[in-house]
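Q: make a model of this:
(one chain, ligands or ions: 1)
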Amino acid sequence: MDFKEKMNYQKEKLEKDYFSLYPGRKDALNRLYTLMRKHHSNRSDALKTRDQSGSDWLNAPNTIGVMLYVDLFSSNLNKLKSHSDYFKELGVTLIHLMPILKPRSGENDGGYAVQDYRSIDTRIGTMEDFMALVKHYHNNGIRICIDYVVNHTANDHEWATKALSGEEKYQNYYYMFDSDAIPRQFEATLLEVFPKVAPGNFTYLEELEKWVMTTFYPFQWDLNFRNPEVFYEMVDNLLYLTDIGVDMIRLDAIPYIWKTIGTDCRNLPEVHVLLSLFRKIIEICAPSTTLLGEAIVEPDAIVKYFGAEERLECHSLYNASYMVEIWNSIATRDSRHIAWMKDYEIPFGSVWINYARCHDDIGWGLDAERLKRMGFDPNAHKSFLIDFYLGSLEDSFSTGELYEFNPMTMDARNSGTLASLAGLEKAIKFSDDYLLELALKRIRLINALFLLRKGIPMIYSGDEIGQLNNTSYLEDGYKKNDSRWLHRVEFDWEKIGETQPSESVHLQVLKSMKQLIDTRRNYSGDAFIANETVLMQSNTHLLVIHQISEKNESILLIFNFSEDRQWLYSNELKRYGVGGVWKEIIQGKIIDLDKKRIVLGPYEFFVMKI
Ligand code: GLC
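A: As a prediction, this is how the structure comes out:
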């Protein structure tokens, strides 16, 4: 389909959505159409060729991602170019560059306070460097994802500066009020995202004697998507980024992009309309680009950001619920947390992004009803997890910090790198070989849990070499109150350098990660994992998953969540029709499921094919 055909195909639905948000604004819609035509005609031939296969690449069986901060990984964009072999060797095909657009100077929430959507953070390079990098990685078969912060701009963005200088037009780009009367009405039902470091949702601007909505930090001003001009400008910026050749746009903090008094201003129906509009516009103008939504909300609300077959929203979403369940099962050694997770149906072609760690904290957004059914008290259990990953419980192997601790409610989230949370830091500190062995096995198990499941695995850079927490952020005035910097660590190339002995802990973690990636790439041939079923059995330390590939091949995954030996009673799998002789493909063992008991060692897992 060419541009015109796609436009005609989507037009009716697009207009329905558009007018539901901006009734009667035919003039604004016509301007939007002109803008879309302009972008499409500016799009390079090379990108138009890529567009022909649309977003199919997203569902390629071997798509494996890494997310990284350019400055921490390689200092700058040019040096990042020289690391393409590292990613190729690891088997990575998608790189998410954490915020690279020009942030405000000074404190900027790790780049999530953008001053200019059309230039690059000067610390890491220029727009030309970025374009060259995209080209270089494309030539190497690797796709690029970047962040697009849609909920807010920095308070020194051009629009904010104009608003501050009194221009009403730009004041209307934000939720700005003359008195605190309306903010107080909003606050009555709003929650707080950063209750400790940035309490409240509005900031008083002395110079204007006005209030502006700031859901996150006071220097991040919420954009007012009720204003069609804002929608227009943000589409313009979005298409500007897609025209550079970016393959995936991570839409930051999407649940918040529409606000209504009397609600908690999260997940409102209009947010879904906005996303469905973005999706249609992308499909018309830049169909090889995909949208990754960041919606860290309750499980039932996250999945809605895929939209529905007839009204699609994001192509991919972070599987935050699974991430939390992984850490939950690791702490409790109880596989039921994952086994009992709801199995959501998602629209065809959409895909979950599976991960264990990212640049943010772990918030314990568990399904309270399910916990109760399992016999847990949800509040007590949350406190247990918070303390466990802080490392303050006697039997905890973890080293972490609290994030956004609230002494009134005792609520908190947790920070820390994968390796530190999984016990490596403690094992090294106490020079304890037994603890070290368990920590390495635990890390491997966690990696397997997100690398081998259906969806796109996303590795948080540094975790592939088992990097530990770094407390140097405490000496930085801008960072010291935000413990997420504990796990935003400079990539330590020396740890995997040639001078390191091959048995070094970090090389072992890397080797193990690489082996898992290879397993993922090889075991289902070139077929996508089409279906997954959890096979229930009585040992609550074990998780059994039956995967069927597109080519109808069976793969059986068995994970042991405990540091003790465990038995699987194979009779219990018979009722699923699963039995016979299988081959464990990593260790090369033959496993006969017709035998009564299958033994798994501490944190051991099997990847089996028939
Ligand atoms: C997203 C980012 C987080 C940031 C917030 C505000 O949740 O992942 O790091 O603080 O948005 O932009």
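
Q: the ligand contacts on the stretch 351-500 of the chain?
A: Neighbours of the ligand within the stretch 351-500 of the chain, by C-beta under 6 Å from any ligand atom: H359, D360. Heads up, the C-betas are built off the backbone N, CA and C, glycines and all.

Q: which residues touch the residue most central in space within the chain?
A: What sits nearest the mean C-alpha location of the chain, by C-alpha atoms, centre = their mean, is Y318, with 4.2 Å. Shown in contact with Y318 (C-beta atoms under 8 Å, 6 or more residues apart in numbering): L292, G293, E294, A295, I296, I302, W352, I353, Y355, C358, M458.

Q: go again with 7 Å.
A: Contacts for Y318 were tallied using C-beta atoms under 7 Å, 6 or more residues apart in numbering; they are E294, I353, Y355.

Q: beta partners for it?
A: On the basis of DSSP bridges, Y318 is bridged to I353.

Q: if I look at it, how far off is P228?
A: For Y318, the distance to P228 equals 29 Å [C-beta to C-beta, to the nearest Å].

Q: the strands in the stretch 301-450 of the chain, which residues?
A: 307-308, 311-312, 316-318, 351-354, 401-406, 411-415 (DSSP state E, counting those that start in this stretch).

Q: would you mark the buried spots in the longest one?
A: Buried residues in strand 401-406, counted by 16 or more other C-beta atoms under 10 Å: E401, L402, Y403, E404, F405.

Q: for that strand, enumerate the helices and strands it packs against.
A: helix 378-390, strand 411-415 (3 or more C-beta pairs under 7 Å, 6 or more residues apart in numbering; DSSP states H and E).

Q: now tabulate those in TSV and tack on mean neighbour count and mean pLDDT.
A: Converted to TSV, the helices and strands packed on strand 401-406 look like this (neighbours: other C-beta atoms under 10 Å; pLDDT from 0 to 100):
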stretch	mean neighbour count	mean pLDDT
helix 378-390	19	96
strand 411-415	23	93
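
Q: tabulate those (JSON lines), appending distance to V134.
A: Shown next, in JSON lines, are the helices and strands packed on strand 401-406 (distance: least, C-beta to C-beta, whole Å):
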{"stretch": "helix 378-390", "distance to V134": "37"}
{"stretch": "strand 411-415", "distance to V134": "31"}
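
Q: chain neighbours aside, what residue packs nearest to H39?
A: L239 (4.1 Å; C-beta to C-beta, 6 or more residues apart in numbering).

Q: the one you found sits in which helix or strand?
A: Counting by DSSP states H and E, the element that carries L239 is helix 228-244.

Q: which residues are contacting that helix?
A: If you take C-beta under 7 Å, 6+ apart as the criterion, helix 228-244 is touched by 22, 25, 28, 31-32, 35, 39, 42-43, 117-118, 130-131, 134, 146, 148, 150, 173, 223-225, 249, 278, 281-282, 285-286, 289.

Q: go with 8 Å
A: 21-22, 25, 28, 31-32, 35-36, 39, 42-44, 47, 117-118, 127, 130-131, 134, 146, 148, 150, 159, 169, 172-173, 223-225, 249, 274, 277-278, 281-282, 285-286, 289.

Q: restricted to strands, list those residues.
A: Y117, R118, I146, Y148, I249 (DSSP state E).

Q: against H39, how distant is the residue of the chain found nearest the ligand?
A: Residue nearest to the ligand within the chain: Y112 (3.3 Å; C-beta to the nearest ligand atom). Computed as C-beta to C-beta, the Y112 to H39 distance reads 25 Å.

Q: one more: E563?
A: As judged by C-beta to C-beta, E563 and H39 stand 55 Å apart.

Q: which of the two has more residues huddled nearby?
A: Set E563 next to H39 and count neighbours by other C-beta atoms under 10 Å: H39 wins out with 21 against 18.

Q: can you read off the pLDDT for the more buried one?
A: For H39, the model assigns a pLDDT of 95.

Q: same check, this time on L239
A: L239 carries a pLDDT value of 98.

Q: near the ligand, which residues of this structure?
A: Counting by C-beta under 6 Å from any ligand atom, the residues of the chain close to the ligand are D109, G110, Y112, V149, F216, D252, A253, E294, H359, D360.

Q: of all these, which comes closest to L58?
A: Nearest to L58 out of the residues of the chain next to the ligand is E294 (C-beta to C-beta; 16.3 Å).

Q: which residues are in contact with the nearest residue to that closest one once chain neighbours are set aside?
A: Once flanking residues are discounted, E294 sits nearest to D252: 5.4 Å by C-beta to C-beta, 6+ apart. Applying C-beta under 8 Å, 6+ apart, one finds that D252 lies in contact with Y112, D147, Y148, V149, V150, N151, E294.

Q: can you list these in JSON lines and add neighbour count and pLDDT?
A: Putting these into JSON lines (neighbours: other C-beta under 10 Å; pLDDT from 0 to 100) gives the following:
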{"residue": "Y112", "neighbour count": "21", "pLDDT": "98"}
{"residue": "D147", "neighbour count": "23", "pLDDT": "98"}
{"residue": "Y148", "neighbour count": "21", "pLDDT": "98"}
{"residue": "V149", "neighbour count": "24", "pLDDT": "98"}
{"residue": "V150", "neighbour count": "25", "pLDDT": "98"}
{"residue": "N151", "neighbour count": "22", "pLDDT": "98"}
{"residue": "E294", "neighbour count": "23", "pLDDT": "98"}
